[in-house]
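K.L.:
any chance you can model this:
(one chain, ligands or ions: 2)
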Amino acid sequence: TRSTRPQRMLKAVQKNAIRGNPESVISAIDYFCKHSEWAMNVGDEKGCILDSVVTEVDPSTVLELGTYCGYSTVRIARLLSPGTKFITVEFNPASAEVARKIIAYAGLQDKVTLVEGASGDLIPQIKKLYGITTFDFIFLDHWKDRYLPDIKLFEEYGLLGKGSVLLADNVICPGTPEYLEYVRNSPRYESRYYPSHLEYTKVEDGLEKSLFLG
Ligand SMILES: O=C(NC/C=C/[C@H]1O[C@@H](n2ccc(=O)cc2)[C@H](O)[C@@H]1O)c1cc([N+](=O)[O-])cc(O)c1O
Ligand SMILES: [Mg+2]
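P.N.:
Ligands and ions are numbered 1, 2, ... in the order given. Reported below is the predicted structural model:
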């Protein structure tokens, strides 16, 4: 049967990247998406903004919702200090399998815990399962209608501390209007929009960074 896009992306990484070299894995995926097949990775332009926020926060605990093929997982993991706890959540088993292989190809498998399941099911259990009290940095890049319910779960289960930073992809395209309205109007967050473009295109998109004030 025909391969899937994630499988073809993995093949491109195995063919064009250097094992153990995260930068080459990132470049190989971006090249594949620009010259072979578009895919919904955060991409190089928004990826640089992601890098700068991760570097600025220098988190001890990280959560990513929406691993997909592991592109942003590799971008984040390559910047983390040793001992950082990094959990990434993927719902689709086939995507999770590709992501595990891409993360391992980059040599970052020891820095990342990939959990298969739905964010709504997992968030209430994170403290118990992974011994995490609060997350310093959260990257939201999963189903866009889950951003708002999930940030409310973070609040409900006490997973945010004063200074926690949430970074949300696609707040313009495909768009997350209810989430934006919430973080921009809630007195509990200080939000800032980083204008950019939809990965590998000229379409407007951007990232919203929200600081939890406690
Ligand atoms: O739809 C988009 N992203 C949805 C991502 C979904 C991913 O999150 C996982 N997940 C993990 C945990 C869950 O609880 C639910 C899903 C899903 O299994 C999938 O791997 C999207 C679309 C465009 N676009 O241009 O159309 C551009 C983007 O940058 C996007 O991120
Ligand atoms: Mg996205």
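K.L.:
give me the neighbour count for the residue of the chain found nearest ligand 2.
P.N.:
At 3.8 Å from ligand 2, Asp169 is the closest residue in the chain, using Cβ to the ion. Yep, even glycine has a C-beta here, placed from its N, CA and C like the rest. Asp169 sits with 31 neighbouring residues when counted by other Cβ atoms under 10 Å.
K.L.:
quick one, phi psi at it?
P.N.:
phi -80, psi 160 (degrees, to the nearest 10).
K.L.:
what's the separation between Glu97 and Leu114?
P.N.:
To Leu114, Glu97 is 10 Å away according to Cβ to Cβ, to the nearest Å.
K.L.:
the more surrounded of these two?
P.N.:
Each of Glu97 and Leu114 has its neighbours counted (other Cβ under 10 Å); Leu114 has more, 19 against 16.
K.L.:
any idea how far Val62 is from the more buried one?
P.N.:
13 Å.
K.L.:
would you map the strands across this structure?
P.N.:
61-65, 85-90, 113-116, 135-140, 160-168, 189-197, 204-212 (DSSP state E).
K.L.:
counting contacts, what elements does the fifth one pack onto?
P.N.:
Under the contact definition 3 or more Cβ pairs under 8 Å, 6 or more residues apart in numbering; DSSP states H and E, strand 160-168 sits against helix 43-57, strand 135-140, helix 147-156, helix 177-185, strand 204-212.
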